[in-house]
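Peer 1: Below is the sequence, then the predicted model.
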Amino acid sequence: MINYKVEARTQEIQQYALEILIRFHDICEKNQLNYILDFGTLLGAVRHEGFIPWDDDIDVAMPREDFEKLQKIMQSSSANNLFLQTHDSDPNYYNSIAKVRIPDNRYTENAMQYFDIVHGPWLDIFIYDYKFDNIEKQAETQKSYNEKKKFYSVMMNALYSKPGVYYNQIQLVFKKILRFIFKKSQEAEDRGLVMRYVDSKYEKLNRVVESAPENNLNGDMITYTFPAETDAAEKGLSLNRTHFENRKLQKFEEEFFYIPVDYDQILQDRYGDYLKLPPYEERKSNHHWVL
(Lines give C-alpha, C1' and ligand atoms only; values in the text may rest on other atoms or scores of the structure.)
Protein backbone atom coordinates (compact mmCIF):
# COMPACT_ATOMS: atom_id res chain seq x y z
CA MET A 1 0.00 0.00 0.00
CA ILE A 2 1.36 3.42 -0.99
CA ASN A 3 1.00 6.09 1.65
CA TYR A 4 0.01 8.87 -0.71
CA LYS A 5 -3.06 11.08 -0.68
CA VAL A 6 -4.37 11.74 -4.18
CA GLU A 7 -5.68 15.28 -4.53
CA ALA A 8 -9.36 15.66 -5.43
CA ARG A 9 -8.48 17.58 -8.62
CA THR A 10 -6.09 14.82 -9.70
CA GLN A 11 -8.73 12.14 -9.04
CA GLU A 12 -11.24 14.08 -11.11
CA ILE A 13 -8.85 14.36 -14.07
CA GLN A 14 -7.86 10.71 -13.74
CA GLN A 15 -11.50 9.68 -14.08
CA TYR A 16 -11.86 11.70 -17.28
CA ALA A 17 -8.61 10.27 -18.64
CA LEU A 18 -9.76 6.72 -17.85
CA GLU A 19 -13.05 7.38 -19.65
CA ILE A 20 -11.11 8.50 -22.74
CA LEU A 21 -8.93 5.38 -22.58
CA ILE A 22 -11.99 3.12 -22.38
CA ARG A 23 -13.52 4.78 -25.45
CA PHE A 24 -10.18 4.73 -27.28
CA HIS A 25 -9.75 1.01 -26.52
CA ASP A 26 -13.25 0.28 -27.84
CA ILE A 27 -12.53 2.13 -31.11
CA CYS A 28 -9.27 0.20 -31.54
CA GLU A 29 -10.92 -3.16 -30.81
CA LYS A 30 -13.78 -2.48 -33.20
CA ASN A 31 -11.39 -1.48 -36.00
CA GLN A 32 -8.52 -3.90 -35.26
CA LEU A 33 -6.00 -1.18 -34.48
CA ASN A 34 -2.83 -1.95 -32.53
CA TYR A 35 -1.94 0.04 -29.44
CA ILE A 36 -0.18 -0.58 -26.13
CA LEU A 37 0.08 1.41 -22.93
CA ASP A 38 3.33 3.36 -22.79
CA PHE A 39 5.57 5.40 -20.48
CA GLY A 40 3.95 6.34 -17.14
CA THR A 41 0.72 4.51 -17.93
CA LEU A 42 2.58 1.28 -18.66
CA LEU A 43 4.53 1.76 -15.44
CA GLY A 44 1.29 2.40 -13.55
CA ALA A 45 -0.39 -0.66 -15.04
CA VAL A 46 2.48 -2.94 -13.95
CA ARG A 47 3.41 -1.38 -10.60
CA HIS A 48 0.00 -0.11 -9.40
CA GLU A 49 -2.53 -1.89 -11.64
CA GLY A 50 -3.82 1.59 -12.41
CA PHE A 51 -2.69 5.19 -12.34
CA ILE A 52 0.53 6.16 -10.68
CA PRO A 53 -1.26 7.97 -7.83
CA TRP A 54 0.30 11.36 -8.61
CA ASP A 55 -0.08 11.08 -12.40
CA ASP A 56 -3.07 12.51 -14.24
CA ASP A 57 -2.87 11.54 -17.89
CA ILE A 58 -2.75 8.46 -20.12
CA ASP A 59 0.07 7.47 -22.50
CA VAL A 60 -0.42 4.97 -25.32
CA ALA A 61 1.80 3.94 -28.23
CA MET A 62 0.67 3.27 -31.81
CA PRO A 63 2.55 2.38 -34.98
CA ARG A 64 2.25 5.09 -37.64
CA GLU A 65 0.15 2.82 -39.88
CA ASP A 66 -2.46 2.24 -37.17
CA PHE A 67 -2.52 5.89 -36.16
CA GLU A 68 -3.27 6.99 -39.72
CA LYS A 69 -6.18 4.54 -39.80
CA LEU A 70 -7.39 5.98 -36.50
CA GLN A 71 -7.30 9.49 -38.00
CA LYS A 72 -9.60 8.44 -40.85
CA ILE A 73 -11.98 6.65 -38.49
CA MET A 74 -12.28 9.60 -36.12
CA GLN A 75 -12.69 12.07 -38.97
CA SER A 76 -15.60 10.09 -40.39
CA SER A 77 -17.54 9.59 -37.16
CA SER A 78 -18.52 11.42 -33.98
CA ALA A 79 -16.12 9.12 -32.10
CA ASN A 80 -18.15 9.33 -28.89
CA ASN A 81 -17.55 13.06 -28.43
CA LEU A 82 -13.79 12.62 -28.64
CA PHE A 83 -11.48 14.98 -30.52
CA LEU A 84 -8.27 13.68 -32.09
CA GLN A 85 -5.86 16.58 -31.84
CA THR A 86 -2.97 17.05 -34.26
CA HIS A 87 -1.65 20.07 -36.09
CA ASP A 88 -3.86 19.06 -39.04
CA SER A 89 -7.06 19.03 -36.99
CA ASP A 90 -6.14 21.99 -34.75
CA PRO A 91 -3.72 24.39 -36.54
CA ASN A 92 -2.43 26.10 -33.38
CA TYR A 93 -1.44 22.76 -31.83
CA TYR A 94 2.24 22.03 -32.43
CA ASN A 95 2.96 19.08 -30.17
CA SER A 96 4.42 16.00 -31.89
CA ILE A 97 2.33 13.89 -29.51
CA ALA A 98 -1.22 13.44 -30.77
CA LYS A 99 -3.96 13.79 -28.17
CA VAL A 100 -7.46 12.42 -27.81
CA ARG A 101 -9.50 14.94 -25.82
CA ILE A 102 -12.90 15.40 -24.32
CA PRO A 103 -13.34 19.09 -25.24
CA ASP A 104 -13.81 21.09 -22.04
CA ASN A 105 -12.22 24.50 -21.40
CA ARG A 106 -12.51 23.99 -17.65
CA TYR A 107 -9.46 21.75 -17.97
CA THR A 108 -6.67 23.84 -19.50
CA GLU A 109 -3.03 22.98 -18.93
CA ASN A 110 -0.98 25.97 -17.79
CA ALA A 111 1.62 25.51 -20.51
CA MET A 112 -1.06 25.49 -23.24
CA GLN A 113 -3.23 28.39 -22.06
CA TYR A 114 -1.74 30.81 -24.60
CA PHE A 115 -2.72 28.62 -27.56
CA ASP A 116 -6.12 28.93 -29.23
CA ILE A 117 -6.72 25.20 -29.34
CA VAL A 118 -9.21 22.62 -28.11
CA HIS A 119 -8.59 22.12 -24.39
CA GLY A 120 -9.77 19.42 -22.00
CA PRO A 121 -8.63 16.16 -20.36
CA TRP A 122 -6.60 14.04 -22.73
CA LEU A 123 -4.92 10.82 -23.72
CA ASP A 124 -1.45 11.08 -25.31
CA ILE A 125 -0.70 9.01 -28.41
CA PHE A 126 3.00 8.43 -29.02
CA ILE A 127 3.31 7.60 -32.72
CA TYR A 128 6.10 5.17 -33.58
CA ASP A 129 7.96 5.24 -36.90
CA TYR A 130 10.45 2.74 -38.24
CA LYS A 131 14.12 3.54 -37.89
CA PHE A 132 16.50 3.47 -40.83
CA ASP A 133 18.48 0.26 -41.14
CA ASN A 134 21.54 2.38 -41.85
CA ILE A 135 22.85 3.51 -38.44
CA GLU A 136 24.48 6.66 -39.81
CA LYS A 137 21.27 7.67 -41.61
CA GLN A 138 19.24 7.17 -38.43
CA ALA A 139 21.71 9.22 -36.39
CA GLU A 140 21.58 12.00 -38.99
CA THR A 141 17.76 11.99 -38.92
CA GLN A 142 17.63 12.07 -35.13
CA LYS A 143 20.16 14.91 -35.02
CA SER A 144 18.10 16.92 -37.50
CA TYR A 145 14.97 16.34 -35.45
CA ASN A 146 16.73 17.35 -32.22
CA GLU A 147 17.93 20.62 -33.74
CA LYS A 148 14.55 21.58 -35.20
CA LYS A 149 12.69 20.62 -32.02
CA LYS A 150 14.68 23.15 -29.97
CA PHE A 151 12.67 26.00 -31.47
CA TYR A 152 9.52 24.78 -29.71
CA SER A 153 11.29 24.42 -26.39
CA VAL A 154 12.44 28.03 -26.67
CA MET A 155 8.95 29.16 -27.71
CA MET A 156 7.24 27.39 -24.80
CA ASN A 157 9.82 28.70 -22.36
CA ALA A 158 9.37 32.26 -23.61
CA LEU A 159 5.57 32.07 -23.36
CA TYR A 160 5.10 30.13 -20.16
CA SER A 161 8.12 29.83 -17.87
CA LYS A 162 8.20 31.95 -14.73
CA PRO A 163 10.70 34.86 -14.67
CA GLY A 164 14.02 34.06 -13.07
CA VAL A 165 15.59 35.61 -10.00
CA TYR A 166 17.21 38.43 -11.96
CA TYR A 167 15.47 41.00 -14.18
CA ASN A 168 12.05 39.76 -13.02
CA GLN A 169 10.14 42.85 -14.10
CA ILE A 170 11.86 43.04 -17.48
CA GLN A 171 11.12 39.37 -18.15
CA LEU A 172 7.54 39.76 -17.02
CA VAL A 173 6.92 42.73 -19.33
CA PHE A 174 8.57 40.89 -22.22
CA LYS A 175 6.40 37.81 -21.64
CA LYS A 176 3.20 39.87 -21.51
CA ILE A 177 4.09 41.58 -24.79
CA LEU A 178 4.99 38.26 -26.42
CA ARG A 179 1.75 36.63 -25.21
CA PHE A 180 -0.28 39.57 -26.59
CA ILE A 181 1.43 39.37 -30.01
CA PHE A 182 1.00 35.58 -30.02
CA LYS A 183 -2.71 35.88 -29.21
CA LYS A 184 -3.36 38.50 -31.90
CA SER A 185 -1.47 36.49 -34.51
CA GLN A 186 -3.64 33.44 -33.81
CA GLU A 187 -6.78 35.57 -34.22
CA ALA A 188 -5.71 37.05 -37.57
CA GLU A 189 -7.42 35.65 -40.68
CA ASP A 190 -4.07 35.19 -42.41
CA ARG A 191 -2.66 33.74 -39.13
CA GLY A 192 -0.33 36.72 -38.78
CA LEU A 193 3.41 36.91 -39.26
CA VAL A 194 4.22 35.15 -35.97
CA MET A 195 2.01 32.11 -36.56
CA ARG A 196 3.09 31.78 -40.18
CA TYR A 197 6.67 31.66 -38.97
CA VAL A 198 5.81 29.04 -36.34
CA ASP A 199 3.95 27.05 -39.03
CA SER A 200 7.02 27.09 -41.26
CA LYS A 201 9.15 25.77 -38.42
CA TYR A 202 6.66 22.96 -37.80
CA GLU A 203 6.61 22.01 -41.48
CA LYS A 204 10.39 21.60 -41.45
CA LEU A 205 10.20 19.49 -38.29
CA ASN A 206 7.43 17.37 -39.77
CA ARG A 207 9.39 16.73 -42.95
CA VAL A 208 12.07 15.04 -40.85
CA VAL A 209 9.47 12.69 -39.37
CA GLU A 210 7.87 12.04 -42.76
CA SER A 211 11.25 10.91 -44.11
CA ALA A 212 11.11 7.78 -41.90
CA PRO A 213 11.04 4.49 -43.83
CA GLU A 214 7.78 2.52 -44.13
CA ASN A 215 9.50 -0.62 -42.86
CA ASN A 216 12.90 -2.04 -41.96
CA LEU A 217 14.68 -5.35 -41.43
CA ASN A 218 14.71 -5.65 -37.63
CA GLY A 219 11.45 -3.90 -36.71
CA ASP A 220 13.09 -1.20 -34.57
CA MET A 221 10.89 1.88 -34.09
CA ILE A 222 11.12 5.26 -32.42
CA THR A 223 8.70 8.01 -31.44
CA TYR A 224 9.83 11.43 -32.63
CA THR A 225 8.46 13.42 -29.73
CA PHE A 226 11.34 14.55 -27.51
CA PRO A 227 14.94 15.31 -28.44
CA ALA A 228 17.12 12.21 -28.04
CA GLU A 229 20.69 13.43 -27.79
CA THR A 230 22.21 10.35 -26.13
CA ASP A 231 21.99 6.61 -26.77
CA ALA A 232 20.15 6.19 -23.46
CA ALA A 233 17.59 8.84 -24.42
CA GLU A 234 17.02 7.24 -27.80
CA LYS A 235 16.64 3.83 -26.18
CA GLY A 236 14.00 5.32 -23.87
CA LEU A 237 11.97 6.41 -26.90
CA SER A 238 12.30 3.16 -28.83
CA LEU A 239 10.17 0.06 -29.25
CA ASN A 240 10.08 -2.84 -31.68
CA ARG A 241 7.33 -4.01 -34.00
CA THR A 242 7.08 -7.19 -31.92
CA HIS A 243 5.98 -5.16 -28.89
CA PHE A 244 2.78 -4.32 -30.76
CA GLU A 245 2.38 -7.84 -32.15
CA ASN A 246 2.96 -9.65 -28.84
CA ARG A 247 0.70 -8.00 -26.30
CA LYS A 248 -1.67 -8.99 -23.53
CA LEU A 249 -4.49 -7.46 -21.52
CA GLN A 250 -3.43 -5.98 -18.18
CA LYS A 251 -5.60 -4.70 -15.36
CA PHE A 252 -5.68 -0.91 -15.08
CA GLU A 253 -8.01 0.39 -12.38
CA GLU A 254 -11.10 -1.82 -12.91
CA GLU A 255 -10.59 -2.20 -16.67
CA PHE A 256 -8.17 -4.13 -18.91
CA PHE A 257 -5.96 -2.67 -21.63
CA TYR A 258 -3.09 -3.87 -23.82
CA ILE A 259 0.52 -3.88 -22.71
CA PRO A 260 3.52 -5.54 -24.41
CA VAL A 261 4.37 -9.03 -23.18
CA ASP A 262 7.99 -7.91 -22.89
CA TYR A 263 7.08 -4.96 -20.64
CA ASP A 264 9.85 -5.72 -18.13
CA GLN A 265 12.71 -4.88 -20.51
CA ILE A 266 10.96 -1.74 -21.76
CA LEU A 267 10.42 -0.44 -18.23
CA GLN A 268 13.99 -1.26 -17.23
CA ASP A 269 15.28 0.67 -20.26
CA ARG A 270 13.17 3.69 -19.33
CA TYR A 271 13.11 3.73 -15.55
CA GLY A 272 15.80 1.35 -14.26
CA ASP A 273 14.54 -0.26 -11.05
CA TYR A 274 10.96 0.61 -11.93
CA LEU A 275 9.35 -1.20 -8.99
CA LYS A 276 11.12 1.12 -6.56
CA LEU A 277 9.06 4.19 -5.71
CA PRO A 278 10.64 7.64 -6.10
CA PRO A 279 11.28 9.78 -3.01
CA TYR A 280 8.12 11.32 -1.61
CA GLU A 281 9.08 14.84 -2.68
CA GLU A 282 9.32 13.68 -6.32
CA ARG A 283 5.82 12.22 -6.35
CA LYS A 284 4.08 14.95 -8.29
CA SER A 285 2.47 15.44 -11.66
CA ASN A 286 4.34 16.96 -14.57
CA HIS A 287 1.15 18.77 -15.58
CA HIS A 288 -0.25 21.91 -14.02
CA TRP A 289 -3.72 23.21 -14.64
CA VAL A 290 -5.26 26.66 -14.90
CA LEU A 291 -7.58 26.89 -11.89
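Peer 2: Arrived safely, thanks for sending. Predicted model only: the values in this text are computed from it and were never measured. Residues are numbered from 1 along each chain as shown.
Peer 1: Let me see the contact set for E68.
Peer 2: Neighbouring residues of E68 by Cβ atoms under 8 Å, 6 or more residues apart in numbering: there are none. No exception for glycine: its C-beta is placed from N, CA and C like everyone else's.
Peer 1: Let me know the pLDDT of it.
Peer 2: Turning to E68, the model gives it a pLDDT of 97.
Peer 1: in a helix, that's where it is, yeah?
Peer 2: Yes: secondary structure of E68, determined by DSSP: H, G, I helix; E, B strand; the rest coil: located in a helix.
Peer 1: how close does it get to Q268?
Peer 2: 31 Å (Cβ to Cβ, to the nearest Å).
Peer 1: same thing with A111?
Peer 2: Summarising the geometry, the distance separating A111 from Q268, computed by Cβ to Cβ, is 30 Å.
Peer 1: For T41, grab the count of nearby residues.
Peer 2: As a burial measure, T41 scores 26 neighbours (other Cβ atoms under 10 Å).
Peer 1: Mean confidence (pLDDT) on stretch 210-227, please.
Peer 2: Taken as a whole, stretch 210-227 has a mean pLDDT of 96.
Peer 1: can you offset everything so residue one is 19?
Peer 2: I'll keep to 19 as the first residue from here, and by that count the last item is stretch 228-245.
Peer 1: Phi, psi for H105 please.
Peer 2: According to degrees, to the nearest 10, the main-chain angles of H105 amount to phi -60, psi -30.
Peer 1: OK, contacts around the closest residue to it other than its chain neighbours?
Peer 2: Leaving aside its sequence neighbours, H105 sits nearest to Y111 (Cβ to Cβ, 6 or more residues apart in numbering; 5.6 Å). Taking Cβ under 8 Å, 6+ apart, we find Y111 in contact with 103-105, 117, 133, 135-136.
Peer 1: ok, now how distant is Y111 from F101?
Peer 2: Counting by Cβ to Cβ, the separation of Y111 from F101 is 11 Å.
Peer 1: list residues touching both of the two?
Peer 2: Counting by Cβ under 8 Å, 6+ apart, the contacts common to Y111 and F101 are V136.
Peer 1: Find the helix or strand that N52 is a member of.
Peer 2: Under the assignment given by DSSP states H and E, N52 is not contained in any helix or strand.
Peer 1: contacting residues for it?
Peer 2: Contacts were defined as Cβ under 8 Å, 6+ apart; by that measure N52 touches 46, 80-81, 84, 262-263, 265.
Peer 1: who's more crowded, A129 and Q286?
Peer 2: When A129 and Q286 are compared on other Cβ under 10 Å, the one with more neighbours turns out to be A129, at 17 against 11.
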